[in-house]
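1. predicted coordinates and the sequence they were generated for:
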Amino acid sequence: MKNFFLLILTVLILASCGSDSLSNSKAEDIITDCLVAKPEQRTTSFRIGRATFTKQDYDQELLQKYLKLADEDYLEMELVKEITKGWQKGSKEYSIKLTEKSLEFMEEVPEKNGNATAKTFHYEVGEVLEVHETPATNTAEVKVNFKAVNITPFALLSRKDPTEFWVQKLKFSKTSNGWKYCDNF
């Protein structure tokens, strides 16, 4: 009877650990569920109020992005002054305001001048590329290719290009309730 009880206990322990392996589709489902609970939202900060754009290439590229947003009625831009003397010669100072149309994309708006924060896009699972299980530690490393979705007009100000895929390695843990990812943190 004692041996039978130990045998049953051993079988239950092995069954609770589960013998199911982590497939690409199962990993994708787990990651997708995690992204529903905690989305990978990307944002960008940009200047509103008064901003000076120098004649440097970087500032001129940034100015063109601001002007594009102004053309699409997401920003109001007014040239305040052009600097014609001194070390900032060739710079332009603008007054920048948000329009009503842009407010749906804002996460943070300063009361006066400062940096506003706008949503740019968020990530979804594009494809699970690899799954490497380590049975000894009940873990797995999953290589995932994420793609950007819900791209907003403010994505052009983002440092990260939303058209590029984002590849990341994620750690999964095997528990008595199956494979877990977002419960790890």
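-> Perfect, thanks for sending it. Numbers count the residues shown, from 1 in each chain.

2. what pairs with the longest strand seen in the chain, parallel or antiparallel?
-> Under DSSP state E, the strand in the chain containing the largest number of residues is strand 114-134. Sheet pairing of strand 114-134 (DSSP bridges) gives strand 40-53 (antiparallel), strand 106-108 (antiparallel), strand 139-149 (antiparallel).

3. which regions of this protein lie under the pLDDT threshold?
-> Low-confidence segments of the chain (pLDDT under 70): 1-19, 184-185.

4. all helices of it, in order?
-> Taking DSSP state H to define them, one finds helices in the chain at 2-17, 24-37, 57-71.

5. and the angle from the shortest one to strand 139-149?
-> It refers to helix 24-37. Calculated by axes from the mean of the first three to the mean of the last three C-alpha atoms, to 10 degrees, helix 24-37 forms an angle of 60 degrees with strand 139-149.

6. repeat that for the last one.
-> The directions of helix 57-71 and strand 139-149 differ by 60 degrees, with the same axes, to 10 degrees as the criterion.

7. follow-up on the earlier one: right, so of the strands paired with strand 114-134, which gets closest to residue 87?
-> strand 40-53 (12.2 Å; C-beta to C-beta). Where you see a C-beta, it was placed from the backbone N, CA and C, and this is true even at glycine.

8. in that closest one, which residues are buried?
-> By 16 or more other C-beta atoms under 10 Å, the buried positions in strand 40-53 come out as 40, 42-44, 46-48, 51, 53.

9. farthest-apart pair in those residues, please.
-> Farthest pair in the buried residues of strand 40-53, by C-beta to C-beta: 40 and 53, 31.3 Å.

10. what's the burial count for residue 26?
-> By the other C-beta atoms under 10 Å criterion, the neighbourhood of residue 26 contains 17 residues.

11. wait, isn't it in contact with residue 179?
-> Yes. Judged on C-beta atoms under 8 Å, residue 26 makes contact with residue 179 at a distance of 6.7 Å.

12. which member of the buried residues of strand 40-53 is positioned nearest residue 163?
-> residue 42 (13.0 Å).

13. mind checking how far residue 20 is from residue 136?
-> Counting by C-beta to C-beta, to the nearest Å, the gap from residue 20 to residue 136 is 17 Å.

14. and those two? Which one has more around it.
-> Between residue 20 and residue 136, counted using other C-beta under 10 Å, residue 20 has the larger neighbour count: 10 against 6.

15. good, wrapping up.
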